[in-house]
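Enquirer: based on what follows, work out the 3D shape:
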Amino acid sequence: MLIKQIIDVYNLVDSSDITGEKVAEYLKSIRDTEIEVHTISGEEGSTDFIRIKIKGKNGKSEGGNAPTLGVLGRLGGIGARPERLGIVSDGDGALVALSVAAKLLDMQNKGDFLNGDIIVSTHICPDAPTQPHEPVPFMGSPVDMQVVNEEEVRGDFDAVLSIDTTKGNRIINYNGFAISPTVKEGYILKVSDDLLDLMEITTGQLPKVFALSEQDITPYGNDLYHLNSILQPATATEAPVVGVAITTETVVPGCATGASHPSVLETCGRFVVEVAKAYGKGKINFYDKIEYEKILQKYGSMKKFQTLGD
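Expert: All right, here's what the predicted structure looks like:
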């Protein structure tokens, strides 16, 4: 379980002066590992990007051939100070991603090493801006979305889980988490059966999937409507990306405080850990590679949808 990690990370980042360095210190207090922290500034402030590499026993970082999984905590900011005090709903993706990192490091302390490398990436900003959006306001980001995308997917990923609060919509109305179809190089592919199986096991319920439109997998800045930023990493990588959406039954603004549900975050984090275990061993697939090649032969590249278009 990840209850301890969820609580510890929540209490750590629920601060007006939280920084990426403080998060790195917390994680290294569990177990020393490779962590990068650097600050990027934009027109509306700055944020600390943090990137945690958790090496697998047969991972590429050790000269092995096990696939690398990226776990991204998507958000505009942990907080929206001074407008809102405390952690905002939008920060749930970062909470889960950092809790997963803490859990994997704790597992290593106990002798359990995953087969492949895991790279956890998110950013820490306690005073991010908000922005108008329908049906409820979004959290904004102090730096440009393209910068966020390129920073988070930097590296040799073989697959990516993009964890993001997805409560401000009427597409998925369920208190828990849901996954997206797999997105790869402009294509919305079929939902991974392997991931559905793991959802059933970790939740004890039927799996939930949220719908995507083609607009949702195009870059921000093209003046098209987006459900939210959960699939933005797919615009900056060739790796298959699956969105892991933290959801609610009602429409909740991203800038709302008091809207994080520990039991939901724990279940979501446990799912991500199980995906990480299985993916490094080659036990699960994010997409059917043979069918994808057939699609390319029949219909050609869709990489144009990874760009801003004409």
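
Enquirer: please make it C-alpha for all contacts and neighbour counts, starting now.
Expert: OK.

Enquirer: just checking, which helix or strand of this structure averages the lowest pLDDT?
Expert: strand 138-139 (a mean of 70; mean pLDDT, DSSP states H and E).

Enquirer: next helix or strand past that one?
Expert: The element immediately downstream of strand 138-139 (helix or strand, assigned by DSSP states H and E) is helix 145-152.

Enquirer: quick one, the helix or strand following that next one and helix 145-152 angle?
Expert: The helix or strand immediately downstream of helix 145-152 is strand 159-165, counting by DSSP H and E. Relative orientation of strand 159-165 and helix 145-152, computed by axes from the mean of the first three to the mean of the last three CA atoms, to 10 degrees: 130 degrees.

Enquirer: please tell me how far residue 113 sits from residue 22.
Expert: 25 Å (CA to CA, to the nearest Å).

Enquirer: look at those two and report which has more neighbours.
Expert: residue 113 (19 against 15; other CA atoms under 10 Å).

Enquirer: my guess is that one meets residue 56, correct?
Expert: Yes. Counting by CA atoms under 8 Å, residue 113 does reach residue 56; the two are 6.1 Å apart.

Enquirer: give me the buried positions along stretch 194-206.
Expert: 194, 195, 196, 198, 199, 202, 203 (16 or more other CA atoms under 10 Å).

Enquirer: same question, stretch 9-29
Expert: Within stretch 9-29, the residues that count as buried by 16+ other CA under 10 Å are 9, 10, 13, 14, 16, 18, 19, 20, 21, 23, 24, 27.

Enquirer: in helices only, show me these.
Expert: Taking DSSP state H as the definition of helices, these contribute 9, 10, 13, 20, 21, 23, 24, 27.

Enquirer: for the first one, give me its contacts.
Expert: Contacts for residue 9 were tallied using CA atoms under 8 Å, 6 or more residues apart in numbering; they are 95, 98, 99.

Enquirer: can I get those residues in TSV including secondary structure?
Expert: Shown next, in TSV, are the contacts of residue 9 (DSSP: H, G, I helix; E, B strand; the rest coil):
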residue	secondary structure
95	helix
98	helix
99	helix
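
Enquirer: turn those residues into JSON lines, including distance to residue 309, neighbour count and pLDDT.
Expert: Listed next are the contacts of residue 9 as JSON lines, based on distance: CA to CA, whole Å; neighbours: other CA atoms under 10 Å; pLDDT from 0 to 100:
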{"residue": "95", "distance to residue 309": "33", "neighbour count": "31", "pLDDT": "97"}
{"residue": "98", "distance to residue 309": "34", "neighbour count": "29", "pLDDT": "98"}
{"residue": "99", "distance to residue 309": "37", "neighbour count": "27", "pLDDT": "98"}
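
Enquirer: distance to residue 281 added to the residues you listed, as a markdown table?
Expert: As requested, the contacts of residue 9 are exported to a markdown table (distance: CA to CA, whole Å):
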| residue | distance to residue 281 |
| --- | --- |
| 95 | 26 |
| 98 | 22 |
| 99 | 22 |
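
Enquirer: from these, pick the one nearest residue 122.
Expert: Comparing the contacts of residue 9 against residue 122 with CA to CA places residue 98 closest, at 8.0 Å.

Enquirer: surely the closest one meets residue 120?
Expert: Yes. Using CA under 8 Å, residue 98 is in contact with residue 120, at 7.3 Å.

Enquirer: would you map the strands across the stretch 101-250 of the chain?
Expert: All strands of the stretch 101-250 of the chain, identified by DSSP state E, counting those that start in this stretch, fall at 118-124, 130-131, 138-139, 159-165, 176-179, 183-184, 187-188, 241-247.

Enquirer: where's the fourth one relative to the chain centroid, distance-wise?
Expert: Put simply, strand 159-165 sits 3 Å off its chain's centre (CA atoms, centre = their mean, to the nearest Å).

Enquirer: specify the angle between it and strand 118-124 in degrees.
Expert: Computed by the same axes, to 10 degrees, the angle between strand 159-165 and strand 118-124 is 30 degrees.

Enquirer: where do the helices sit along this protein?
Expert: Using DSSP H, helices in the chain cover 3-13, 20-30, 92-109, 145-152, 193-203, 262-280, 289-299.

Enquirer: now mean neighbour count and distance to residue 109 too, for the strands of the stretch 101-250 of the chain, in JSON lines please.
Expert: Shown next, in JSON lines, are the strands of the stretch 101-250 of the chain (neighbours: other CA atoms under 10 Å; distance: least, CA to CA, whole Å):
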{"stretch": "strand 118-124", "mean neighbour count": "26", "distance to residue 109": "16"}
{"stretch": "strand 130-131", "mean neighbour count": "16", "distance to residue 109": "40"}
{"stretch": "strand 138-139", "mean neighbour count": "24", "distance to residue 109": "36"}
{"stretch": "strand 159-165", "mean neighbour count": "28", "distance to residue 109": "24"}
{"stretch": "strand 176-179", "mean neighbour count": "23", "distance to residue 109": "29"}
{"stretch": "strand 183-184", "mean neighbour count": "25", "distance to residue 109": "34"}
{"stretch": "strand 187-188", "mean neighbour count": "20", "distance to residue 109": "39"}
{"stretch": "strand 241-247", "mean neighbour count": "27", "distance to residue 109": "27"}
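
Enquirer: with that, I have no additional questions.
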